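In: A structural model of the following input is requested.
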Amino acid sequence: MSNTTPVKILAKNRKARFNYAIEESIECGIVLQGTEVKSIRAGNMSFPDSFAEIRNGEVWLMGLHITPYVYSSVFNHDPYRPKKLLLHRDEIKRLARKVDEKGFTLVPLDFYLKNSIIKVNLGICRGKKLFDKRSDIRDRDVKRDLQREIRTRNNG
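Out: Coordinates of the predicted model:
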């Protein structure tokens with residue numbers, strides 16, 4: 001019997017995986033309002049240009065757009081409101097040192113449900129150069145061609 005908790009992925013940031021080299025990732029909680037939770041669970045969110053920044057010893061997620069909940073009343077949330085991420089103090093200090101000294105960026109990689117709580121996988125990333133992106137595209141094409149060749153040989 002395993003102790004792994006079921007995880008349901010709500011959204012992945014594929015653009016971040018292409019534009020950044022991910023050095024490390026860390027799981028964070030996120031402070032949300034009620035209508036934001038319902039919108040995220042419905043999949044109504046967008047975060048192509050979102051990032052996290054550290055202000056006054058707190059980590060804030062910027063540029064995350066959560067569409068207002070359709071079935072809500074007048075008391076709906078602001079779609080572009082900065083969201084606070086929940087981390088331990090020593091983790092925040094370690095992230096601040098990395099971001100300040102080495103030029104890393106904090107980028108959300110995935111949003112998922114873990115024990116019915118919304119979590120964010122925050123990546124500590126470094127921007128890729130153009131030639132890195134080209135080599136990634138080339139590697140992906142070669143891998144696809146290999147898979148296609150193997151499939152045609154197996155099928156006869």
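
In: backbone dihedrals for residue 48, please?
Out: For residue 48, the backbone dihedrals (degrees, to the nearest 10) come out as phi -70, psi -30.

In: the most centrally placed residue in the chain sits in which helix or strand?
Out: What sits nearest the mean C-alpha location of the chain, by C-alpha atoms, centre = their mean, is residue 109, with 2.0 Å. Assigned by DSSP states H and E, residue 109 falls within strand 105-114.

In: other SSEs contacting the helix or strand just after that strand?
Out: Per DSSP H and E, strand 105-114 leads on to strand 117-127 as the next helix or strand towards the C-terminus. If you count contacts as 3 or more C-beta pairs under 8 Å, 6 or more residues apart in numbering; DSSP states H and E, strand 117-127 packs onto helix 14-19, strand 20-30, helix 34-41, helix 89-102, strand 105-114. (Each C-beta comes from the backbone N, C-alpha and C, glycine too.)

In: tabulate those (a markdown table), appending mean pLDDT and distance to residue 153.
Out: Output for the helices and strands packed on strand 117-127, formatted as a markdown table (pLDDT from 0 to 100; distance: least, C-beta to C-beta, whole Å):
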| stretch | mean pLDDT | distance to residue 153 |
| --- | --- | --- |
| helix 14-19 | 79 | 30 |
| strand 20-30 | 87 | 34 |
| helix 34-41 | 83 | 44 |
| helix 89-102 | 86 | 46 |
| strand 105-114 | 89 | 35 |
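
In: and these: which comes nearest residue 6?
Out: Closest to residue 6 of the helices and strands packed on strand 117-127, according to C-beta to C-beta: strand 105-114, at 7.9 Å.

In: show the average pLDDT along the helix or strand where residue 139 lies.
Out: Element membership of residue 139 [criterion: DSSP H and E] is helix 130-155. Regarding helix 130-155, the rounded mean pLDDT is 81.

In: before we move on, what about stretch 61-80?
Out: For stretch 61-80, the mean per-residue pLDDT is 78.

In: list the buried ones in that stretch?
Out: Buried residues in stretch 61-80, counted by 16 or more other C-beta atoms under 10 Å: 61, 62, 64, 66, 67, 69, 76, 77.

In: what sits up against that stretch?
Out: Defining contact as C-beta atoms under 8 Å, 6 or more residues apart in numbering, one finds that stretch 61-80 is touched by 30, 33, 35-36, 38-40, 42, 44-47, 49-53, 82-85, 108, 120.
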